[in-house]
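Enquirer: turn this into a model:
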Amino acid sequence: MSQNLFISQGISKRTLVTTLLISAVLAGCSSQPGKIVEQPLPAVEFAPAGTDELLDRAQRSPFPESARLKIQAANQLISGQMVRAQTILDSLNYEELPDDLKAEMALSRAKVAEQAGQNWEIFFWLDRASVINSSNVQLLDASHTLKARAYNRYREYVTALDEWSMLSNISELDKQPENRDAFWETLLNAPEERLITLGNQTSNETMKGWLELALVYRPGKSLDQQLNDLSAWRNRWQNHPAITYLPKDISALQVASTNQPDKITLLLPVSGPLASAGRAIRDGFLAAYYQNLSDSGENIPEVTVMDTNGKNVIELANEAKNQGTELIIGPLDKINVSLLKENTPEGVTVLALNTLEDSSSHNAQKDSFFEYGLATEDEARAVARRGILDGHRRVLILRPETSWGDRATNSFVSEWTSLGGEIAGISEFNSKTEFSQLAGQALLVDESQKRAKELNRILREKLGFEPRRRHDVDMIYMPSNPKEARQLKPALSYQFAGKLPVYATSSAYSGRVSPSRDQDLDNLRVPVMNWYLPDNKGHLESNIRATWSSARGQYGSLYAMGADAFTLYPRLQQLASLPGSRLEGLTGLLSINSTHHVERELSWQVFRNGRLRPLPIPVQDKPDVLAVKAAQ
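Expert: Predicted coordinates:
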């Protein structure tokens, strides 16, 4: 009877068997869930007082009062029970709400997005007519603040300043230290001309005080000039909330500012296996030295170079001190940096040209010992932070099978997981790897093809089939050199991952503008130092490139490092003592943290038509990969 039923509906036994077989085979696919299954919410143990009461009232109230009560309940839960707050907001239909509740719901959604690290969603919710046209001043202030903080995280400081300047009362920032700190970050990084223009336009005295202090901190001033300006600002604005950002002892710093070295020694390997690197740093330093000499005409210190190749760096440092050296720049390799840090000659300041991962055992010397390097590990951590900032959560890593690949991967993974990201997989490659095959295996395209072959074998006929990649990944990280990157990126596109965001360290860029060769890198996102930005060539950089051909290749960053070492040395105490002080260098925007490490902020770029362009704030339309993974 059942057979006749199937036949009467036009369904053959063969079709039924085929359907069941296909379902059985596809059930084994862990990377292609048919739909995202909503996961059960965690049990609620504690809710803020009144939250459950608000929800009970919402159940008994007519619309739109019920919606208003739900939004209030969600707001109480955002900081402590974000998932539950999200669930409550999900139960509301935004389009059905009256305008005032649309604005309140949009603000609540933006707060949830900030808590979840989905910064792009902040703009998605707050750039709406219901918010922009709201007459609720408190809601508008909260919206401007959320957007300004988000713009800060993307380093869009001009736009952030526009948001801050629209606050109804800038003095209210003093009541919220986290917002005050974010506002100060904006001021420190916004262009000087924008600060001056705003200062001329505003009539708000509190804002004028903030802007004047930010101008004092602009890069390029000597320490003694900066300290004099800080003293004058403090005398004029004695009760200003920004006074918390002044150094505690300006007079002591003024004394220290006059103690500039009369003699500097460069401890560098100018022979042996590291000679090319050592010479590049030396020549970059001397290029900046002689340009400063010709430009300023001021007295600048005597410079001596000592070759560290095959020498005892501690003996060299003591010899330099006996010859009158007050500042040592170098050494370059980590072993010598560690040795010198443990045995720094008394009365000598050191700017080491490499960084040590663990500085815990060297605290006694930290006041006179600074570390400055171009470490791959720092860049890898920066890539992880940017990926999280852009809203990604599950990353697939394609890495070289080398010790450098270990460092670039381990540092990334450590930072990524500490920020809440997950690792979907790690695949390694070497000089013999077939990159298309590597990408297909990493993206599980080969598994999709195997399932199709199995179906063809079972059914004994060829079915229509389109291979698919896994969908539990929303980002790819591939630390690589230019040759590897130019093969990996097209291979990913070939394996159906052309729209997945791909990030790399700056090593993926050759440093030369070559649209024909780099068009295969289109949409690759990389952090780049100023030295390599095509439209950012200053007089010093142009001179270095014209004088040394090797500066136009792989050693260019080391010439830039040498030039920045010259720019840094007279400002070491300034950058270390004045929180927020920064210096525009060829290797990045430079600052010094509490452990006396020089930190470099690089410019995020993306390849478009084979050329570098500034990376914009991403606009994303994608499934939640964590939910996809959970459904699997």
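Enquirer: now name the helix or strand holding Tyr290.
Expert: Tyr290 is part of helix 275-296, with elements assigned from DSSP states H and E.
Enquirer: quick one: contacts of that helix?
Expert: Contacting residues not belonging to helix 275-296 are listed as 266, 268-270, 300, 303, 305, 307-309, 329, 332, 353, 539-540, 543-544, 547-548, 550-551, 555, 558-567 [Cβ atoms under 8 Å, 6 or more residues apart in numbering]. Using the backbone N, CA and C atoms, a C-beta is placed for each residue, glycine as well.
Enquirer: out of the residues you listed, list just those in helices.
Expert: Counting by DSSP state H, the part of the contacts of helix 275-296 found in helices is 539-540, 543-544, 547, 558-567.
Enquirer: flag every buried residue along the helix holding Tyr290.
Expert: 277-289, 291-292 (16 or more other Cβ atoms under 10 Å).
Enquirer: kindly export that helix (C-alpha atoms) in CSV.
Expert: This file holds the C-alpha atoms of helix 275-296, laid out as CSV (Å, rounded to 0.1, in the frame of the first residue of the first chain):
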residue,chain,number,x,y,z
ALA,A,275,76.7,43.3,9.1
SER,A,276,74.1,44.3,6.6
ALA,A,277,71.6,44.9,9.3
GLY,A,278,74.0,46.8,11.5
ARG,A,279,75.3,49.0,8.7
ALA,A,280,71.8,49.9,7.6
ILE,A,281,70.9,51.0,11.2
ARG,A,282,74.2,52.9,11.4
ASP,A,283,73.7,54.7,8.1
GLY,A,284,70.1,55.6,8.9
PHE,A,285,71.2,57.1,12.2
LEU,A,286,74.0,59.1,10.6
ALA,A,287,71.8,60.3,7.9
ALA,A,288,69.4,61.8,10.5
TYR,A,289,72.5,63.1,12.4
TYR,A,290,73.9,65.0,9.5
GLN,A,291,70.5,66.4,8.4
ASN,A,292,69.9,67.7,11.9
LEU,A,293,73.4,69.2,12.0
SER,A,294,72.8,71.1,8.7
ASP,A,295,69.2,72.1,9.6
SER,A,296,69.5,73.3,13.1
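Enquirer: contacts for stretch 347-354 next, please.
Expert: In contact with stretch 347-354 (Cβ under 8 Å, 6+ apart) are residues 261, 268, 281, 317, 320-321, 325-334, 337, 340-341, 344, 368-373, 375, 561, 565, 568-569, 572.
Enquirer: any idea how far it is from the chain center?
Expert: 28 Å (Cα atoms, centre = their mean, to the nearest Å).
Enquirer: circling back to that earlier point, now the contacts of helix 275-296: which count as buried?
Expert: The buried subset of those (16+ other Cβ under 10 Å) comprises 266, 268-270, 300, 303, 305, 307-308, 329, 332, 353, 540, 543-544, 548, 551, 555, 558-567.
Enquirer: assign Leu590 to helix, strand or coil.
Expert: Three-state call for Leu590 (DSSP: H, G, I helix; E, B strand; the rest coil): strand.
Enquirer: pick out the most distant pair among the buried residues of helix 275-296.
Expert: Across the buried residues of helix 275-296, no pair lies farther apart than Ala277 and Asn292, at 23.2 Å, counting by Cβ to Cβ.
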